[in-house]
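> The following comprises the amino acid sequence and a computationally predicted model.
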Amino acid sequence: MKQKVVIKVSFNGENKSRTKVMQAAVAVPGVESIAFGGEDSDQIEVIGDGLDSVNLTSILRKKVKFAQLLSVSSVEEKKEEKVPELEFRVQPMVWPTYQTGVPQYYYHTVVPYDHYQNGACSIM
């Protein structure tokens with residue numbers, strides 16, 4: 001059964017304490033999601049399956065020195081709405097017709113060069 005646990009934590013304006021709280025809360029088994037909420041983002045909302053809220057609160061007290069358990073409530077699972085199945089039909093492939101002429105080819109004749117045509121040696 002999924003639970004939503006809301007814990008009030010004092011951060012004292014430090015960003016390091018926020019990361020400490022996040023790391024400590026993620027390490028607890030059963031945690032699925034964590035979010036900051038409330039005024040001034042001083043509450044942490046943890047959602048998890050089989051979550052021990054008292055253990056989580058005591059772990060957060062060790063990290064941040066002040067943590068108060070505000071509420072524990074069950075979370076209803078979202079029901080998936082049926083998505084209407086789309087009918088897949090085979091659509092005919094239409095190829096565009098281009099009115100082009102016959103491609104023109106240019107022929108170039110290559111005449112091999114004969115080195116010995118003059119009878120002279122190319123080395124000397």
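Good, I have the coordinates. For clarity, every value in this text was computed on a predicted model and none was experimentally measured.

> Of all residues in this structure, which one is nearest the centre?
S33 (15.4 Å; C-alpha atoms, centre = their mean).

> does the closest residue to it other than its chain neighbours count as helix, strand or coil?
With sequence-adjacent residues excluded and distances taken as C-beta to C-beta, 6 or more residues apart in numbering, S33 is closest to I47, at 4.7 Å. (C-beta placed from N, C-alpha, C; glycine too.) Under DSSP: H, G, I helix; E, B strand; the rest coil, I47 falls in the strand class.

> Would you mark the buried spots in the helix or strand of the chain with the lowest mean pLDDT?
Ranked by mean pLDDT, DSSP states H and E, the weakest helix or strand in the chain is helix 15-26, scoring a mean of 84. Across helix 15-26, burial judged by 16 or more other C-beta atoms under 10 Å covers 17-18, 20-21, 24-25.

> helices or strands next to that helix in the packing?
strand 31-37, strand 43-49, helix 53-64 (3 or more C-beta pairs under 8 Å, 6 or more residues apart in numbering; DSSP states H and E).

> now for those, which one comes closest to K2?
strand 43-49 (5.2 Å; C-beta to C-beta).

> Can you give me the distance of the spatially closest residue to K8 that is not a sequence neighbour to E80?
Using C-beta to C-beta, 6+ apart and skipping residues adjacent in sequence, the residue nearest K8 is Q68, 4.5 Å away. Distance from Q68 to E80, counting by C-beta to C-beta, to the nearest Å: 36 Å.

> that older thread, looking at the helices and strands packed on helix 15-26, which is closest to Q91?
Nearest of the helices and strands packed on helix 15-26 to Q91, taken as C-beta to C-beta: strand 31-37 at 42.4 Å.
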